[in-house]
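Peer 1: With the sequence up front, the predicted model follows.
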Amino acid sequence: MFAIVGILLVFGAVIGGFLMEKGHIAVLVQPAEFLIIAGAGLGTLLIANPLHILKSIFSSALGIFGKSHYTKARYVSMLTMMYELLNKVRRAGMLSIEADIEQPAESPIFKEHPHFLHDEATRNFVCDTMRMAVTGGVEAFDLDQMMDLDMEVQHRCAHQPVAALTTVADSLPGLGIVAAVLGVVITMGALGGPATEIGHKVAAALVGTFLGILLCYGLVGPVGSFMNKEAEEEHAFLYVLRVLMISFIKGNAPLHAVEMARRAIPLHVRPSFSEVEAACHGSRDGEGGRPDEKAA
């Protein structure tokens, strides 16, 4: 919603200011200039990037029109799910979750959290880590190193489409100059003709520079910035899971591990202690009491 408002505000303010200065909107309608800039920009994108990055760019860019995937509700859901899983481990041992992590789509715990099942990267991150814990013989430090390596690879891959789109954005002003130079070449060929015709061709040439700069700083650049923030939010989400799992593997109780993970959640989406506690106590495995109280 805010993205649509922002795009409308950018183009509305530019065009509105132009009209306030008695400009003629028809002068800005230069399909040839737009074709040169947009076509060349798209071409550079195709030349510089393999198919998987192109797919990531277009899928991530479309996300600007939707809501963030990493909301407070999702964090609460994730903490509740992990509490259920770890509480099961505490009651019945590590081997009790082997079926859950080997076939997550069939797990009664994971089925209640469709966001987790649909997020392949997060699902693999959790299941692969817990699988190593189930097999045994791996120190907590080594598991932490594995998760750190996994997060680093995912973070680097998530930033590849961002870097690609940012490169295109940086090239748009230059492509605008290319369009302007071509317009000047056409204008030179029209010298000696009517002054109105020459003026129209000069205006068309300048529109090329205008479009290149506007698309760079008013549209493509902000979309790249949005994608970068989405990548950072994904990294923060995995970091919370890493804190939670390593805390439990080091011997902390499930509720203590969940609280440590809650402290790692970014402030703007961090749920309160009471919200997380209520969600965990209301979960299917929580059965309305603290794990320590049950053990007693």
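Peer 2: Everything's here; your move. All values derive from a computational prediction rather than experimental measurement.
Peer 1: how far is stretch 195-206 from where the chain is centred?
Peer 2: 43 Å (C-alpha atoms, centre = their mean, to the nearest Å).
Peer 1: Check stretch 46-59 too.
Peer 2: Centroid displacement of stretch 46-59 relative to its chain, using C-alpha atoms, centre = their mean, is 15 Å.
Peer 1: That stretch: which residues count as buried?
Peer 2: Under the neighbour-count criterion of 16 or more other C-beta atoms under 10 Å, stretch 46-59 has N49, I53, S56, I57 buried. For glycine as for every other residue, the C-beta is placed from the backbone atoms N, C-alpha and C.
Peer 1: Can you show me the helices along the stretch 101-250 of the chain?
Peer 2: Counting by DSSP state H, counting those that start in this stretch, the stretch 101-250 of the chain has helices at residues 108-111, 114-118, 120-135, 140-189, 195-215, 221-249.
Peer 1: Distance to M260 added to the buried residues of stretch 46-59, as JSON lines?
Peer 2: Shown next, in JSON lines, are the buried residues of stretch 46-59 (distance: C-beta to C-beta, whole Å):
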{"residue": "N49", "distance to M260": "39"}
{"residue": "I53", "distance to M260": "36"}
{"residue": "S56", "distance to M260": "32"}
{"residue": "I57", "distance to M260": "36"}
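Peer 1: from the residues you listed, which is closest to Q154?
Peer 2: Of all these, the one with the least separation from Q154 (C-beta to C-beta) is S56, at 12.1 Å.
Peer 1: In terms of position in space, what residue lies nearest the middle of this protein?
Peer 2: E230 (2.4 Å; C-alpha atoms, centre = their mean).
Peer 1: Please report how far that one lies from S56.
Peer 2: In this view, E230 and S56 are 11 Å apart by C-beta to C-beta, to the nearest Å.
Peer 1: now, among the buried residues of stretch 46-59, which is nearest to G218?
Peer 2: Lowest distance from G218 to those (C-beta to C-beta) belongs to I57, with 18.4 Å.
Peer 1: Let me see the contact set for the closest one.
Peer 2: Contacts for I57 (C-beta atoms under 8 Å, 6 or more residues apart in numbering) come out as L45, N49, P161, A164, L165, M227.
Peer 1: If we use 10 Å, what do you get?
Peer 2: Residues near I57 by C-beta atoms under 10 Å, 6 or more residues apart in numbering: L45, N49, Q160, P161, V162, A164, L165, V168, V223, G224, M227.
Peer 1: Can I get those in TSV including distance to C216 and pLDDT?
Peer 2: As requested, the contacts of I57 are arranged in TSV below (distance: C-beta to C-beta, whole Å; pLDDT from 0 to 100):
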residue	distance to C216	pLDDT
L45	14	93
N49	18	93
Q160	20	94
P161	17	94
V162	15	94
A164	15	94
L165	11	94
V168	9	94
V223	11	93
G224	10	93
M227	15	92
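Peer 1: Dump the residues you listed into CSV; add distance to P271 as well.
Peer 2: Shown next, in CSV, are the contacts of I57 (distance: C-beta to C-beta, whole Å):
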residue, distance to P271
L45, 39
N49, 38
Q160, 32
P161, 30
V162, 28
A164, 35
L165, 32
V168, 38
V223, 30
G224, 30
M227, 26
